[in-house]
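Enquirer: missing the sequence, but the structure's below:
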């Protein structure tokens, strides 16, 4: 898991092959990224908070647009 640079969101990887973005204040799920075909082990935010990189046991690293989730405020 990784905190967003502004501290408002948390991204987590999971054995269900997804990357989840959570609201840090309410602990509610904000958005789910699908695309890996195995467990997601690594998560990192870009310094500007616009992207999330995820590494999976499927041998890939994917970069997600964090602005895709609702209420993006950058």
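Expert: Right, received. Where do you want to start? All values reported here derive from a predicted model rather than from experimental measurement.
Enquirer: helices and strands of this structure: which one has the lowest mean pLDDT?
Expert: Lowest by mean pLDDT, DSSP states H and E among the helices and strands of the chain is strand 29-34, with a mean of 91.
Enquirer: in that strand, what counts as buried?
Expert: For strand 29-34, the neighbour count (16 or more other CB atoms under 10 Å) marks 30, 31, 33 as buried. For glycine as for every other residue, the C-beta is placed from the backbone atoms N, C-alpha and C.
Enquirer: My read is that the first one contacts residue 23, right?
Expert: Yes. With the criterion set as CB atoms under 8 Å, residue 30 and residue 23 qualify as a contacting pair; they are 5.3 Å apart.
Enquirer: so where is this protein shaky, pLDDT-wise?
Expert: Applying pLDDT under 70 to the chain flags the ranges 69-74.
Enquirer: Now do the contacts for residue 45.
Expert: 2, 3, 4, 5, 11, 51, 52, 53, 66 (CB atoms under 8 Å, 6 or more residues apart in numbering).
Enquirer: Show me the strands in the chain, by range?
Expert: Using DSSP state E, the strands of the chain run over residues 2-3, 9-13, 18-23, 29-34, 40-45, 51-56, 61-65.
Enquirer: packing partners for the third one?
Expert: In this case it means strand 18-23. For strand 18-23, the elements it packs on are strand 9-13, strand 29-34, strand 40-45, strand 51-56, judged by 3 or more CB pairs under 8 Å, 6 or more residues apart in numbering; DSSP states H and E.
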